[in-house]
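K.L.:
Kindly return the folded structure for what I paste below:
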Amino acid sequence: MSIKMDGKLVAHQIKSTVKEYIERNNAHLDLTIVQVGNNSASNTYIKNKVKACEEVGIQSTVLRYENIDEYDRCVDIPDTLKHITGTGAMLQLPLPKGWDENYFVNLIPSRQDADCLTEASLGKFYSSSNPYIAPCTAQGIIDLLDFYNIDIEGKRALVIGRSNIVGRPIAHLLETRNATVTLAHSKTRRSDLLRLFAISDIVITAVGKPDFITEEDAYQYNKDYRHDFYSYFETKSNRVIIDVGINRDENGKLCGDLSEDFKAKYSEYYSPVPGGVGPLTVANLLYNTVKLHHQEHKNDQDNV
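P.N.:
Sure, this is the predicted structure:
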């Protein structure tokens, strides 16, 4: 029987660590969230982040730009991002269509980059075998694996999706833990993708497409490779599936890249959607804010 991984429980532990640090050091931390436009999903994410900040004692400020003119785009918003004060800051993505996300993200000073998405922050992240700050979702996946005592070293890991927010960072973190990592993407041949899934110990999906791999795929694959027993989907009874996808099904219900039934059938451990990686992304945003504070005051504060 597969075990459903409880991201909320792990997130609670991380938030408790954040709260203890703030109370122990009598520290004042604040997080500024900049939102451009009025994306409904972004509104929900920001609401969750503000609530999490309140739970641990971090002061949050949301700067919203809804009715945007050319002055806002070229002058006001860039100036705001460059001169944010306080402990941490982040730019809520996505930005309006046609905006250069990379340009605007990189306006945030790296010393306040709580998301770890600026080029300066990512440069430090990729150049270290033990990064101090990591992109929030990628670190959340590692936290989830560690909580369930899932050994990473020597395992075959398949990461589906190569974004700078999830795919590439988690591939790096898995490599630093001595996993053998394959990074698949939209141009990966379907037959290769299914074979990689079949032989992998850890599978992480971050493509943003519901039912990306289905029971029908598994059936057809096993039929095509019926003489290659060790490549069957179901022979990997100890497989771990981490689903990072956030999608809506035909009924408007939140779902991942893979169905819950599919994950339960083809894994020993799996993360649900919702309640899996999502809470850990928020928790690590808070934890990164603590780390930024500690970095600035490391001579005066206890260890994180």
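K.L.:
which residues does the most centrally placed residue in the chain contact?
P.N.:
Computing the C-alpha centroid of the chain and ranking residues by CA atoms, centre = their mean puts residue 137 first, at 1.6 Å. Residue 137 makes contacts with 165-166, 169-170, 206, 244, 277, 280-281, 284, as judged by CB atoms under 8 Å, 6 or more residues apart in numbering. All C-beta atoms are positioned from the backbone trio N, CA, C, and that covers glycine.
K.L.:
Around residue 78, count how many other residues there are.
P.N.:
14 (other CB atoms under 10 Å).
K.L.:
and it, that's in a helix?
P.N.:
Yes: assessed with DSSP: H, G, I helix; E, B strand; the rest coil, residue 78 lies in a helix.
K.L.:
mind listing what's buried in stretch 96-107?
P.N.:
Applying a neighbour-count criterion of 16 or more other CB atoms under 10 Å, one finds 99, 104-107 buried in stretch 96-107.
K.L.:
Go ahead and name everything in contact with it.
P.N.:
Outside stretch 96-107, the residues that touch it by CB under 8 Å, 6+ apart are 36-37, 68, 73, 77-78, 81-82, 91, 93-95, 115, 117-120.
K.L.:
Go again with 10 Å.
P.N.:
Contacts with stretch 96-107, where a contact means CB atoms under 10 Å, 6 or more residues apart in numbering, come from 34, 36-39, 65, 68, 73, 77-84, 89-91, 93-95, 113, 115, 117-122, 164.
K.L.:
what about that stretch, start to end distance?
P.N.:
Terminal residues of stretch 96-107 are spaced 17 Å apart (CA to CA, to the nearest Å).
K.L.:
Tell me how far that stretch lies from the chain's centre.
P.N.:
19 Å (CA atoms, centre = their mean, to the nearest Å).
K.L.:
for it, what is the average pLDDT?
P.N.:
Confidence over stretch 96-107 (mean pLDDT, whole number) is 95.
K.L.:
How about the backbone phi and psi for the residue nearest to the centre of the chain?
P.N.:
With angles defined as degrees, to the nearest 10, residue 137 sits at phi -70, psi -40.
K.L.:
Then residue 274?
P.N.:
Reported as degrees, to the nearest 10, the phi and psi values for residue 274 are phi -80, psi 180.
K.L.:
got the residue ranges for the strands in the stretch 151-300 of the chain?
P.N.:
Shown for the stretch 151-300 of the chain, the strands assigned by DSSP state E, counting those that start in this stretch span residues 156-160, 180-184, 202-205, 240-243, 247-248, 254-255, 269-270.
K.L.:
Return the member of these having the minimum mean pLDDT.
P.N.:
Among the strands of the stretch 151-300 of the chain, strand 247-248 carries the lowest mean pLDDT (a mean of 88).
K.L.:
Name the residues that touch that strand?
P.N.:
Residues from elsewhere that reach strand 247-248, judged by CB under 10 Å, 6+ apart: 41, 207-212, 253-257, 273.
K.L.:
Neighbour-wise, which one of these leads?
P.N.:
Counting by other CB under 10 Å, residue 256 has the largest number of neighbours within these, with 31 neighbours.
K.L.:
confidence score at it?
P.N.:
Residue 256 carries a pLDDT score of 95 in this model.
K.L.:
cool, the one 10 residues further on as well?
P.N.:
Residue-level confidence at residue 266 comes out at 93, pLDDT.
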